[in-house]
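*Asks:* pasting the sequence and the predicted coordinates here, then a few questions.
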Amino acid sequence: MTIPGFAELRACAHVVSIPLVTPFRGLHHREAINFDGLSSPAEWSPFPEYDDAEAARWLRGALEQGWSAPVTANGATSIRVNGTIPAVSPEEATALIVAAGFPHTVKIKVAGPSSSLADDQARVEAVRKALGATGRIRLDANGAWNLDEAEHAIRTMEHCDIDYVEQPVEKLADMAELRTRMSELGIGVAADESVRRWSDLDAIIESRAADIVVIKIQPLGGVSASRILIDKALNAGLEVVLSSALETSVGLFPAALLQASLERENPSALDAGLATASFLSRDVVTQPLIAHAGELTISPPTLDYSALEELGASPERTTWWLSRLERCLALV
Ligand SMILES: [Mg+2]
């Protein structure tokens, strides 16, 4: 991969601010730079609060997407994805399941700042009722519980038949202890933030803290870097779930291709968390990667210039992003 200079990047950069349909991580807008890359459109969208070192790793992913040999779908036309239910009421959760066409697998956000355990339980029960007995449920607590809270909450919702809980607690030692305490329940523990931010894969394997690791392509530095981690995880007997970082369809595309490879290699590969474009009020490509009934059709991104224009960020935010880009490029 040839690393482009800042002038080249700036010349093909579109800074956008996209209103979200539902607030996510406390955000109401998703900001991103979409590039007209040399080999493909590319996305760089580290969350605003991340420091330059972390954002530079996301930039490696963006540069790989836009400035290395283009990757093709290799015959794959669609992938399997989960639906996602944010911290909404049971009625809204049911409506989202219906709108998503009853996906086979649903991930439900729990342990949010404005959601009590009773709220979480009501939401999870509503999803189980909407999905019926065969639907699969995974929870995501984003590390918000402590060890005892996690055990209590999971036992409270265990009757809803949960496959696994993503990042129930923050510390690896607590995740490992929780796995031991819950061993008779048959509910897995997945590491998400632990893989990227709070620890790393070697430590997770070493401490037996998880059954599953969540892999996010752009935050981990791109497809090649992610593939190395995936192989390491699979060799250690863990399962992997590819997931998005709430990207536009440009940033979702390389992850969708990687999911297609994982499904080809293993027909029972877990459903990916890549059906997140529907959280954006508008996308930046002509054919957004919108899932239906748990299937997402893969289409290579073609930038929609009128959307980029309409979604253009304010001059202040554009300046902020371009100066962040220049600083982070020096760290790549
Ligand atoms: Mg997560």
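*Replies:* Thanks, I have it.
*Asks:* low-confidence regions, the stretch 1-150 of the chain specifically.
*Replies:* Along the stretch 1-150 of the chain, no part satisfies pLDDT under 70.
*Asks:* need the contact list for the residue of it at minimum distance from the ion.
*Replies:* Using C-beta to the ion, Asp140 is the residue of the stretch 1-150 of the chain that sits closest to the ion, at 4.4 Å. Every C-beta, even on glycine, is put in place using the N, C-alpha and C of the backbone. Asp140 is in contact with 107-110, 165-167, 192, counting by C-beta atoms under 8 Å, 6 or more residues apart in numbering.
*Asks:* please name the bridge partners of it.
*Replies:* Lys109, Glu166 (DSSP bridges).
*Asks:* how about the residues of this structure by the ion?
*Replies:* Contact residues, the chain versus the ion (C-beta under 5 Å from the ion): 140, 166, 192.
*Asks:* can I assume the last one is in contact with Ser243?
*Replies:* Right, Asp192. Yes - the pair Asp192 / Ser243 is scored as a contact, 7.3 Å apart, by C-beta atoms under 8 Å.
*Asks:* next, show the common contact partners of these two.
*Replies:* 214, 216.
*Asks:* ok so, going back, possible to save the residues of the chain next to the ion as JSON lines with distance to Cys160?
*Replies:* What follows is the residues of the chain next to the ion, written out as JSON lines (distance: C-beta to C-beta, whole Å):
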{"residue": "Asp140", "distance to Cys160": "14"}
{"residue": "Glu166", "distance to Cys160": "15"}
{"residue": "Asp192", "distance to Cys160": "20"}
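*Asks:* and the residue in the stretch 151-300 of the chain that the ion sits nearest to, what pLDDT?
*Replies:* Nearest residue of the stretch 151-300 of the chain to the ion, counting by C-beta to the ion: Asp192, 3.6 Å away. Listed pLDDT for Asp192 reads 96.
*Asks:* give me the contact list for the one helix or strand Val15 maps to.
*Replies:* Assigned by DSSP states H and E, Val15 belongs to strand 13-24. Strand 13-24 is touched from outside by 27-36, 86, 88, 246, 248, 278-284, 303, 308, 311-314, 317-318, 321-322, 325, with contacts defined as C-beta under 8 Å, 6+ apart.
*Asks:* can you do 6 Å?
*Replies:* Contact with strand 13-24 is made by 28-35, 86, 279-281, 308, 311, 313, 318, 321, as judged by C-beta atoms under 6 Å, 6 or more residues apart in numbering.
*Asks:* ditto for stretch 42-54
*Replies:* 32-35, 55, 58-59, 62, 65-66, 247-248, 250-251, 327-328.
*Asks:* show me what counts as buried in that stretch.
*Replies:* Across stretch 42-54, burial judged by 16 or more other C-beta atoms under 10 Å covers 42-46, 50, 54.
*Asks:* cool, and stretch 231-243?
*Replies:* Neighbour-count burial for stretch 231-243 [16+ other C-beta under 10 Å]: 233-234, 238-243.
*Asks:* ok, now stretch 20-30?
*Replies:* Buried, per 16+ other C-beta under 10 Å, within stretch 20-30: 20, 24, 29-30.
*Asks:* kindly report the same for stretch 307-314.
*Replies:* Within stretch 307-314, judged by 16+ other C-beta under 10 Å, the buried ones are 307-308, 311, 313.
*Asks:* so of the residues you listed, which ones are in helices?
*Replies:* 307-308 (DSSP state H).
*Asks:* want to try JSON lines for the buried residues of stretch 307-314, with pLDDT as columns?
*Replies:* Listed next are these as JSON lines, based on pLDDT from 0 to 100:
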{"residue": "Ala307", "pLDDT": "98"}
{"residue": "Leu308", "pLDDT": "98"}
{"residue": "Leu311", "pLDDT": "98"}
{"residue": "Ala313", "pLDDT": "98"}
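*Asks:* which of the buried residues of stretch 307-314 sit farthest apart?
*Replies:* Ala307 and Ala313 (13.2 Å; C-beta to C-beta).
*Asks:* hang on, the earlier thing: who are the neighbours in contact with the nearest residue to the residue of the stretch 151-300 of the chain closest to the ion once chain neighbours are set aside?
*Replies:* Nearest non-adjacent residue to Asp192, counting by C-beta to C-beta, 6 or more residues apart in numbering: Val214, 3.9 Å away. By C-beta under 6 Å, 6+ apart, the contact set of Val214 is 190, 192, 241, 243.
*Asks:* residues in contact with the helix or strand harbouring the third one?
*Replies:* It stands for Val241. Using DSSP H and E, Val241 sits within strand 239-243. Surrounding strand 239-243, the residues in contact under the criterion C-beta under 6 Å, 6+ apart are 212-216, 230, 233, 255, 259, 270, 272-273.
*Asks:* quick one: the helices in the protein?
*Replies:* 6-11, 52-67, 90-99, 117-131, 147-157, 172-181, 193, 201-206, 223-235, 249-265, 305-310, 315-329.
*Asks:* in stretch 188-195, what counts as buried?
*Replies:* Going by 16+ other C-beta under 10 Å, stretch 188-195 has these buried residues: 188-192, 194-195.
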